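J.: sequence and computational prediction follow.
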Amino acid sequence: MEQFFILKSEPKSFSWDDLKKAPGKKTNWDGVRNYQARNYLRSMQKGDKCLFYHSSTKEPAIVGIVEVSRTAFPDPTAFDPESMYYDPQSASGKVRWYAVEVRFYGEFEKPILRSELKQYAELSKTELLRRGSRLSVIPLRASEFQFICSLRKIIYEK
DNA sequence: GCCAACGTTGGC
DNA sequence: GCCAACGTTGGC
C-alpha cells in the first residue's frame, strides 16, 4: 500500500530549487541522524509520496511532492570523514544510518504556508503541526496527504 | 533572540 | 536503569 510522508529541509542547506536543479531532479535523502526518522526511511517503498517542507525559514511551507525512487540503502555520508554527517561509530562498517533517493513528482502552484495549514480542522492531528515536532521524516495519513494536495493546483512535469 | 520540546549523554 | 544536564531543532 502506498505510504505518505513529509520530508523537512532547511532551504539554506537544501531547497526545493536545489532539487529541481539537480541532475534528473533527484537527490539522496541522507544525513538523517535520528533513529525514528531512520526507521521511517527504511519503511519507504518505491513510489511512496513525500511532501517537501521548508523549515527554519521566515515562512515555513510545503512546496512540492517527491516520490521515492530508490528504497533505503546505507547512508554514504556516515562513512565519509569529509562529510558533516560523518558518524565515527559507523566507521567500523556497521550500518546505522540509511538514505533513500527521491525525485521530483509535482510542485504546488503556490507554497502552502504552515500558518495556512494550521487553520484546517482536517489537519488537527498532523504530526508536522504539533508543537515541538522535530522529526525530519514524518509519516502522513493518506487522507491528510490528499487534503493537502487538494489545496493547490499541482504542476506536474514529464 | 527566545524558549519549548525533544533526543542524547553520562554519572551514579 | 534512572534522570539531570546538555545540545539541537525550529516555530514564533
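T.: All right, it came through fine.
J.: what's the distance between the closest residue to residue A:54 other than its chain neighbours and DNA strand C?
T.: Computed as C-beta to C-beta, 6 or more residues apart in numbering, the closest residue to residue A:54 that is not its neighbour in sequence is residue A:11, at 4.8 Å. To be clear about C-beta, it is placed using only N, CA and C from the backbone, and glycine gets the same treatment. According to C-beta to the nearest atom of the strand, to the nearest Å, residue A:11 and DNA strand C sit 10 Å apart.
J.: so what touches stretch A:128-136?
T.: The list of residues contacting stretch A:128-136 from outside it, by C-beta atoms under 8 Å, 6 or more residues apart in numbering, reads A:6-9, A:32, A:34, A:36-37, A:40, A:53, A:114, A:117-118, A:123, A:127, A:138, A:140.
J.: near DNA strand C, from the residues you listed?
T.: Contacts with DNA strand C within those, as defined by C-beta under 7 Å from any atom of the strand: A:8, A:114, A:118.
J.: need the buried ones from the residues you listed selected in PyMOL.
T.: Buried members of these, defined by 16 or more other C-beta atoms under 10 Å, are picked up in PyMOL with:
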select buried, chain A and resi 8+114
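J.: need the ones next to DNA strand C among the contacts of stretch A:128-136 in CSV (columns: distance to DNA strand B).
T.: Output for these, formatted as CSV (distance: C-beta to the nearest atom of the strand, whole Å):
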residue, distance to DNA strand B
A:8, 14
A:114, 14
A:118, 15
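J.: any chance of JSON lines for the ones next to DNA strand C among the contacts of stretch A:128-136, columns pLDDT and secondary structure?
T.: Putting these into JSON lines (pLDDT from 0 to 100; DSSP: H, G, I helix; E, B strand; the rest coil) gives the following:
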{"residue": "A:8", "pLDDT": "97", "secondary structure": "strand"}
{"residue": "A:114", "pLDDT": "96", "secondary structure": "helix"}
{"residue": "A:118", "pLDDT": "95", "secondary structure": "coil"}
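J.: which one of the ones next to DNA strand C among the contacts of stretch A:128-136 is nearest residue A:49?
T.: residue A:8 (15.3 Å; C-beta to C-beta).
J.: what about residue A:86, how many neighbours?
T.: Neighbour count of residue A:86, defined by other C-beta atoms under 10 Å: 14.
J.: check the one 3 residues further on too.
T.: For residue A:89, the count of nearby residues is 9 (other C-beta under 10 Å).
J.: with residue A:153 instead?
T.: By other C-beta under 10 Å, neighbour count at residue A:153 equals 10.
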